[in-house]
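1. The following comprises the amino acid sequence and a computationally predicted model.
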Amino acid sequence: MVKAPLIVFLYSVRVTVNSARLSQTLVSCGIFQYTLATDAFQLGYTEDGHCKGEVELSLPPPQRLVWDIPSEVQAQVCSSLAVAQTLADDVDCHVFPFNDFGKGRIKKCRISPDAFIQISLQLAYYRDRGGFCLTYEASMTRLFREGRTETVRSCSNESCAFIKALEGGEREEECGHLFRRASEKHQNLYRLAMTGAGIDRHLFCLYVVSKYLGVESPFLKEGSPGSEDAPGRVSLQADRQGAGPCSIGVADDVHDPVGEALFGKRTA
């Protein structure tokens, strides 16, 4: 499904662009930059603040479009609006500025800003809920033709170990060591996702093919969208917050239920 970028004009004469894809954001920002540059450096303004040039009076005035919507469609629109309004009313959003430090200081510590934020989110969730949950982070796959996204499972064994040590009052040196391990693990998972070595999209493809061929797979069925057991192991969709234990997709030094289900248990 193609998601169109959302352009928001604020009362403060500011404009924001919200896009689901990085490519859409780049295109939208490029158009805005071209428009602003043309407006400021080529067209210009008069001393009283009006645009330079003559007013073109031959242009037709705008006309309001009146849509003929059947009663069935109108009923469906009203029903969808009620559902959307209920979801919107159930969301609380509070935005506050954080000026203590930024990504510059994080980079000076040789830590990925993305890993820092993701581990911080895990810590905040643990302090709020007292546990861990499967977490979805989107990674770009623009290295491939028509590449879109892959899933990064930011709730890893390493991040859980760091958070438990921090909340358990371990020594600062030990917490720092575990934090660096967790950030390096997150970076590695992100690299794997970017280079096509993630698992979520592959598993989803196997799930779709199994449905097309009529092949029953208990493992894929357990992780399928809508399955009640999905959050317990691996889910083929963006996971719900608070649903399920800590899990990791691929790792060399931990139990790997995905690999065992697809290829069998290791012998060494």
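-> Nice, thanks for sending it over.

2. For the chain, give me the ranges with low pLDDT.
-> Low-confidence segments of the chain, defined by pLDDT under 70, span residues 1-3, 12-13, 20-24, 222-268.

3. again, 80 this time
-> The chain contains residues with pLDDT under 80 at 1-29, 40, 51, 53-56, 219-268.

4. All the strands of it, residue numbers only.
-> 6-9, 15-18, 137-140, 149-152 (DSSP state E).

5. could I get stretch 173-191 in PDB with only the CA atoms?
-> The C-alpha coordinates for stretch 173-191 follow below in PDB (Å, rounded to 0.1, in the frame of the first residue of the first chain):
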ATOM      1  CA  GLU A 173      31.600  -0.200  34.900                       C
ATOM      2  CA  GLU A 174      29.600  -3.300  34.500                       C
ATOM      3  CA  CYS A 175      26.500  -1.300  33.300                       C
ATOM      4  CA  GLY A 176      28.700   0.600  30.900                       C
ATOM      5  CA  HIS A 177      30.100  -2.600  29.500                       C
ATOM      6  CA  LEU A 178      26.700  -4.200  29.000                       C
ATOM      7  CA  PHE A 179      25.300  -1.000  27.500                       C
ATOM      8  CA  ARG A 180      28.100  -1.000  24.900                       C
ATOM      9  CA  ARG A 181      27.400  -4.600  24.100                       C
ATOM     10  CA  ALA A 182      23.700  -3.900  23.700                       C
ATOM     11  CA  SER A 183      24.400  -0.900  21.400                       C
ATOM     12  CA  GLU A 184      26.800  -3.000  19.200                       C
ATOM     13  CA  LYS A 185      24.200  -5.800  19.000                       C
ATOM     14  CA  HIS A 186      21.600  -3.300  17.900                       C
ATOM     15  CA  GLN A 187      23.900  -1.900  15.200                       C
ATOM     16  CA  ASN A 188      24.600  -5.400  14.000                       C
ATOM     17  CA  LEU A 189      20.900  -6.300  13.800                       C
ATOM     18  CA  TYR A 190      20.300  -3.000  11.800                       C
ATOM     19  CA  ARG A 191      23.100  -3.900   9.400                       C
END
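
6. longest helix anywhere in the protein?
-> In the chain, assigned by DSSP state H, the helix with the most residues is helix 172-194.

7. Now find how far off-centre that one is within its chain.
-> 19 Å (Cα atoms, centre = their mean, to the nearest Å).

8. what's that helix packed up against?
-> helix 113-129, strand 137-140, strand 149-152, helix 157-167 (3 or more Cβ pairs under 8 Å, 6 or more residues apart in numbering; DSSP states H and E). Using the backbone N, CA and C atoms, a C-beta is placed for each residue, glycine as well.

9. List the contacts of it.
-> Residues from elsewhere that reach helix 172-194 (Cβ atoms under 8 Å, 6 or more residues apart in numbering): 111-112, 114-116, 118-119, 139-141, 143, 150-154, 156-159, 161-162, 165-166, 170, 198, 249-250.

10. Looking at the strands of the chain, spot the one closest to Gln74.
-> strand 6-9 (24.5 Å; Cβ to Cβ).

11. partners of that closest one in the sheet?
-> Strand 6-9 pairs in its sheet with strand 15-18 (antiparallel), by DSSP bridges.

12. And stretch 164-173, end to end?
-> 14 Å (Cα to Cα, to the nearest Å).

13. How about stretch 142-159?
-> 27 Å.

14. From here on, call the first residue 293.
-> Taking 293 as the first residue, the last one we looked at is stretch 434-451.

15. buried set for that stretch?
-> 441-451 (16 or more other Cβ atoms under 10 Å).

16. Distance-wise, check Met486 relative to Pro297.
-> 23 Å (Cβ to Cβ, to the nearest Å).

17. between the two, which one's more packed in?
-> Met486 (18 against 14; other Cβ atoms under 10 Å).

18. For that one, give its distance to Ala416.
-> Taking Cβ to Cβ, one finds Met486 at 26 Å from Ala416.

19. How about Tyr499?
-> Taken as Cβ to Cβ, the span from Tyr499 to Ala416 is 32 Å.

20. more crowded one of these two?
-> Tyr499 (18 against 11).

21. Just to check, that one is in contact with Leu512?
-> Yes - Tyr499 is in contact with Leu512 according to Cβ atoms under 8 Å; the separation is 4.7 Å.

22. Brilliant, that's me finished.
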